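Participant: pasting a predicted model and its sequence here:
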Amino acid sequence: NAPNLRKVTITHGELYAFPRASNWSLNDLAFDVVGWLSQDAADTFAVAVSTAIHNGNGTSKPTGMTNTAPTASDDYASPARAAAVYEYIATGSSPVTTAPTFDALIDLQAALRRPYQGNAKWTMNTVTMGKLRKLKDTTNQYLWQPSTQLGTPDMLLGKPVFIWEDMAAYGANALPIAYGDFRRGYTYAKIGGMSMIRDEVTVPGFTNFLLAQRAGGIPRNSNAGKFLKQVAS
């Protein structure tokens, strides 16, 4: 009968890399060695952050959306779900490795409350997207027609789809698809940019690079996102 306010605290950590290059390579190679090392580290950091946002345990890293397993408890159930626990919607059929029916996707979309529908998106990995694209109606027509225009996102049931490779693959009890307003459902904090310190002294003839990036995250509003789970109920 009264509003509840819960405090959530971002968990964070530091990613770092310590590559080394010979001074000869820095002077002689016909490409930007420092830029290449920096970009490679940045790409690796991005993959690590993405994985942590999905399932990080919160120890010196972001706390992931699935670190605490989603439950079937409704948004307004009593007692309320824990702050970091999202709701799952069951596929309604025995767990299999094939794509769900469109009915299951409609159920997932409909489970999200109206305040979060405006900016809602779908997310899944590329394998799952491929399975969904193969769904056909009784006349053998594809049910999902992805965008054919450059720069226009694929739309599924009227909402955009973005690829998140850390989402689970299909399988029994898997959570392969999510739908929601993820900006409201999760807080990600990039604490400063990637820093780089050059060390040209420690090892004669070589330059060491200390590259570091701090990042944190925490589920903020578990009502703003829903997961599809491959279970009958």
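Facilitator: The structure has been received and is ready for your questions. Numbers count the residues shown, from 1 in each chain.
Participant: contacts, neighbours, all on C-alpha from now
Facilitator: Will do.
Participant: Leu210 belongs to a helix?
Facilitator: No: read with DSSP: H, G, I helix; E, B strand; the rest coil, Leu210 is strand and lies in no helix.
Participant: pretty sure it sits against Glu200.
Facilitator: No: taking C-alpha atoms under 8 Å as the definition, Leu210 is not a contact partner of Glu200, at 11.3 Å.
Participant: where does pLDDT dip in the chain?
Facilitator: By pLDDT under 70, the weakly predicted segments of the chain are 1-3, 93-99, 146-151.
Participant: need the strands for it, in chain order.
Facilitator: Counting by DSSP state E, one finds strands in the chain at the ranges 11-17, 20-22, 87-90, 121-124, 155-156, 159-163, 177-180, 186-199, 206-219, 225-229.
Participant: any idea which of the ones you listed is most buried?
Facilitator: Of the strands of the chain, the one with the most neighbours on average (mean count of other C-alpha atoms under 10 Å) is strand 225-229, at a mean of 27.
Participant: what helices and strands are in contact with it?
Facilitator: Packed against strand 225-229 by the contact rule (3 or more C-alpha pairs under 8 Å, 6 or more residues apart in numbering; DSSP states H and E) you find strand 87-90, helix 102-111, strand 177-180.
Participant: any chance of the ones you listed in JSON lines, plus distance to Ala21?
Facilitator: JSON lines is the format used below for those (distance: least, C-alpha to C-alpha, whole Å):
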{"stretch": "strand 87-90", "distance to Ala21": "48"}
{"stretch": "helix 102-111", "distance to Ala21": "50"}
{"stretch": "strand 177-180", "distance to Ala21": "42"}
